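Visitor: this is a predicted model, with the sequence first.
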There are 2 protein chains.
Amino acid sequence: MSDKSKTREQILDAAMNRIKHYGYGKTTMSEIASDCDMSAGNIYRFFASKLDIAEAMARQFNAELYQSYSEIARSDAPPAQRLRKVFHYSLDQTFDAIEREAKILEVAEVLGEERPLFMNEGLAQERIYLCTILEDGVARGDFAPIKDCNYTAEMIQSALMKYRFPQLFSRLTLPKLRRELNGVLDIIIAGLAKGIEKTPEIEH
Amino acid sequence: MSDKSKTREQILDAAMNRIKHYGYGKTTMSEIASDCDMSAGNIYRFFASKLDIAEAMARQFNAELYQSYSEIARSDAPPAQRLRKVFHYSLDQTFDAIEREAKILEVAEVLGEERPLFMNEGLAQERIYLCTILEDGVARGDFAPIKDCNYTAEMIQSALMKYRFPQLFSRLTLPKLRRELNGVLDIIIAGLAKGIEKTPEIEH
DNA sequence: CCGCTGAAGAATTTATTGATCATTCAATCG
DNA sequence: CGATTGAATGATCAATAAATTCTTCAGCGG
């Protein structure tokens, strides 16, 4: 069984090298296969489809992000600062990755289109770390009490969506994105400190 | 000269009817022209290009929005509520317009791609109304003092970007969008009440 | 048997060609 | 002489055919 996962890794590795360089669309299953000295058909014993290879790529990228999120969330810095660090780290890592290998953006686009549930999964995972920070902030008295941490985390994610795949939503430079992200975080953190009053939706 | 602007309006009107129904790409200059009983070439005496027709369409749509923004901004409702109304109104109007005439989304896409400066112009205009509300909020004591209203308005716009052309950024239903918008606004308004402390960017 | 191949089929992509389109401008009209 | 046309032009688009590509699976080989 370790043999099987070794091969899987090899395929994923070969695929990543090609996709990062040539893009998802321009990388074929037989190219990946021949890089691994096997037939294209054989790949399907390890991945159900080409899309699943892209998903595995993203999963690996996310795993590294989550590792850092976890460390940031556990640190003893002030909660507000941890919140900042999580989102700045995400922005920097994603921006740099796409800057270095522009074709990664294509993977994000394809997955956003074809695997929306996978994207949601990532957001849900991120929220776990955000909740840790939020709850800790409440415990320390930095933030006012929060009724539903997961809901609040969701709203924070919504407000910061623009900075998730920055090159997908704007053409701003990294410094400008960082400036904006910081400004929006200023508002959010002030709001958390004050305490959020849920307002019923206005009619019109 | 009134003759000239009458013709311009006629062209714009014909173009809007066709574009709303068939989309920007599927509407040709000669179709618009023949709707107005003139040659395609003649349109160019009134519009510099096809893109300028799309821009004029959007300008008209925006003008109606701004009219409402202005009324909302001037009203004597609590500033927080006025802020909510502006963004909910924008969301509802834009969502409905695209729901009714799906092809309007294409116009937004084309303009976003080809006329980014026009989009910025619209944001700048919107900020004027936001600043009115913010300043009034500060004067009334509902919001803490704000150093740079335009900057704060810019950050609020950034946080609410997702709700500007909702169908462009997600596939959420209107109720879900409204729920999210309201939640993000809750945070922003709490932040404004508390007072925003500008934090220097974190290093990494 | 298990793991793998390579041929086969369905779907997609590319290449190529012809048609259409946006735009310009010299010629015409009123 | 200003307003308008319609032909000319280069760019973009549509259509089709050819080639690739993803995916499956019957069968081979260890």
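Guide: It's in.
Visitor: drop to CA atoms for contacts and neighbour counts, all remaining ones
Guide: Fine.
Visitor: report the central residue of chain A.
Guide: The residue lying closest to the centre of chain A (CA atoms, centre = their mean) is A:Asn62, at 5.6 Å.
Visitor: got phi/psi on A:Ser39?
Guide: phi -90, psi 160 (degrees, to the nearest 10).
Visitor: could you give the average pLDDT over stretch A:192-204?
Guide: For stretch A:192-204, the mean per-residue pLDDT is 82.
Visitor: output stretch A:8-25 as CSV, restricted to C-alpha atoms.
Guide: Coordinates of each C-alpha in stretch A:8-25 appear next as CSV, following Å, rounded to 0.1, in the frame of the first residue of the first chain:
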residue,chain,number,x,y,z
ARG,A,8,0.6,8.5,-6.5
GLU,A,9,3.1,11.0,-5.2
GLN,A,10,5.3,10.5,-8.2
ILE,A,11,2.4,11.2,-10.5
LEU,A,12,1.4,14.2,-8.6
ASP,A,13,5.0,15.5,-8.6
ALA,A,14,5.3,15.0,-12.3
ALA,A,15,2.0,16.6,-12.9
MET,A,16,2.8,19.6,-10.8
ASN,A,17,6.1,20.2,-12.6
ARG,A,18,4.4,20.2,-15.9
ILE,A,19,1.3,22.1,-14.9
LYS,A,20,3.2,24.8,-13.1
HIS,A,21,5.2,25.3,-16.3
TYR,A,22,2.8,24.7,-19.1
GLY,A,23,-0.6,25.1,-17.4
TYR,A,24,-3.5,22.7,-16.7
GLY,A,25,-4.9,22.8,-20.2
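Visitor: how far does it sit from the chain's center?
Guide: Stretch A:8-25 sits 19 Å away from the centroid of its parent chain (CA atoms, centre = their mean, to the nearest Å).
Visitor: quick one: contacts of it?
Guide: A:26-27, A:32-33, A:35-36, A:43, A:46-47, A:53-54, A:56-57, A:101-104, A:106-107 (CA atoms under 8 Å, 6 or more residues apart in numbering or on different chains).
Visitor: for that stretch, which residues meet the burial criterion?
Guide: A:8, A:10-16, A:18-20, A:23-24 (16 or more other CA atoms under 10 Å in any protein chain shown).
Visitor: so which of those residues sit within helices?
Guide: A:Arg8, A:Gln10, A:Ile11, A:Leu12, A:Asp13, A:Ala14, A:Ala15, A:Met16, A:Arg18, A:Ile19, A:Lys20 (DSSP state H).
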